[in-house]
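Asks: Just the structure for this:
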Amino acid sequence: MAERERAVHNLIVLKTGSTFDDLARVEGDFEDWFLRGLGIARETVEIVDARATPELPSPSRLCGAVVTGSPEMLTDGAAWIEPAAAWLRDLVAAQKPVLGVCFGHQLLAHALGGVVGWNPAGRAYGTIEMQCLESAEADALFGIMPETFVAHSAHAQSVLTLPEGAVPLARSRGVEVQAARFGERAWGAQFHPEFSESIMRAYVRRHARTLAEDGADPDVLLNGVAASAAGRILERFGDWFRPSALTGRPDVRLLR
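Replies: Residues are numbered from 1 along each chain as shown. Okay, the predicted model is just below:
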């Protein structure tokens, strides 16, 4: 009974990809970056790879989810994408707190009826200024952010059309939907609150040739990498899942 009760309160990190091997050897993989940002111990989190798990955990035994980025493109239609999308729809319907980042943000929008495709302004790499919209002021997650802040970015596709009922929360030059809320307890961020400056630089270096072919200057992007306040979003999300001193379990009723 105790084991079953503990499982009901799991936070899941759904991996939708991995970083490149040489960076992983130094910085860890996606789940490590998120756990550092969330401030939550690994043993209290369930880490599941969507690409290799035929049946994802039932929403009824989860208290929330974080969905990582991926080197894959959503429009490539990998076989695991639609089952993961259906699982996310169930989580949102159950009003479980969800945070999707980059590919995870796109997958969440796609799952709920939005449109994802190649970003009209091209690849967005480097440290970029974000602008919170008025709708973010009273938002449970984005309400802690200033009107403008910089965040790390590494993507080629974006959410082109939000699903019905979704609320845009932030934008940037060249990306209309940098963040959105889907329902009451699900959020997506196109930017990367889990990236450190060293990780951002590694991604620019890794894609330097492609970026140059697209007309960007990798050296300018590298020199522009700066400290980001976006990690506050992960910290805030993590606050909702830390065990209560009274019960030893998270209490997402604190989400407000």
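
Asks: all strands for the protein, in order.
Replies: 10-15, 45-49, 62-67, 98-101, 115-118, 124-132, 148-155, 157-161, 167-172, 175-181, 186-189 (DSSP state E).

Asks: mind giving me TSV with these and columns for mean neighbour count and distance to residue 231?
Replies: For the C-beta atoms, the positions are set from N, CA and C on the backbone; glycine is no exception. Output for those, formatted as TSV (neighbours: other C-beta atoms under 10 Å; distance: least, C-beta to C-beta, whole Å):
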stretch	mean neighbour count	distance to residue 231
strand 10-15	22	16
strand 45-49	16	17
strand 62-67	24	13
strand 98-101	27	12
strand 115-118	15	25
strand 124-132	20	13
strand 148-155	20	9
strand 157-161	20	21
strand 167-172	20	15
strand 175-181	24	14
strand 186-189	26	11
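
Asks: got the ones you listed as a markdown table, with distance to residue 39 and mean pLDDT columns?
Replies: Shown next, in a markdown table, are those (distance: least, C-beta to C-beta, whole Å; pLDDT from 0 to 100):
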| stretch | distance to residue 39 | mean pLDDT |
| --- | --- | --- |
| strand 10-15 | 12 | 93 |
| strand 45-49 | 11 | 94 |
| strand 62-67 | 12 | 94 |
| strand 98-101 | 14 | 98 |
| strand 115-118 | 30 | 98 |
| strand 124-132 | 22 | 97 |
| strand 148-155 | 18 | 97 |
| strand 157-161 | 27 | 98 |
| strand 167-172 | 22 | 98 |
| strand 175-181 | 20 | 97 |
| strand 186-189 | 17 | 98 |
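
Asks: Figure out which of those is closest to residue 221.
Replies: Closest of the strands of the chain to residue 221 is strand 124-132, at 4.0 Å (criterion: C-beta to C-beta).

Asks: for residue 146, phi and psi?
Replies: With angles defined as degrees, to the nearest 10, residue 146 sits at phi -70, psi 170.

Asks: quick one on the thing from earlier: of all the strands of the chain, which one is nearest residue 74?
Replies: strand 115-118 (4.9 Å).

Asks: can you list the weak-confidence ranges in the protein?
Replies: Where the chain drops to pLDDT under 70, the residues are 1-9, 243-256.

Asks: ok, which stretches of it are helices?
Replies: Residue ranges of the helices in the chain, as given by DSSP state H, are 2-8, 21-27, 30-38, 81-93, 103-111, 197-206, 208-213, 218-223, 231-239.

Asks: Save those helices as CSV, and put in distance to residue 160 and mean neighbour count too.
Replies: Putting the helices of the chain into CSV (distance: least, C-beta to C-beta, whole Å; neighbours: other C-beta atoms under 10 Å) gives the following:
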stretch, distance to residue 160, mean neighbour count
helix 2-8, 37, 9
helix 21-27, 29, 12
helix 30-38, 24, 22
helix 81-93, 16, 18
helix 103-111, 9, 27
helix 197-206, 23, 18
helix 208-213, 21, 14
helix 218-223, 24, 15
helix 231-239, 23, 20
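
Asks: on that earlier part again, could the strands of the chain go into TSV alongside distance to residue 195?
Replies: Converted to TSV, these look like this (distance: least, C-beta to C-beta, whole Å):
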stretch	distance to residue 195
strand 10-15	16
strand 45-49	19
strand 62-67	14
strand 98-101	10
strand 115-118	21
strand 124-132	9
strand 148-155	4
strand 157-161	17
strand 167-172	15
strand 175-181	14
strand 186-189	11
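
Asks: Residue 23: which of those is closest?
Replies: strand 148-155 (11.8 Å).

Asks: could you say what helices and strands that closest one packs with?
Replies: Strand 148-155 sits against strand 124-132, helix 197-206, with contacts defined as 3 or more C-beta pairs under 8 Å, 6 or more residues apart in numbering; DSSP states H and E.

Asks: could you give the angle of that strand to strand 167-172?
Replies: 90 degrees (axes from the mean of the first three to the mean of the last three C-alpha atoms, to 10 degrees).
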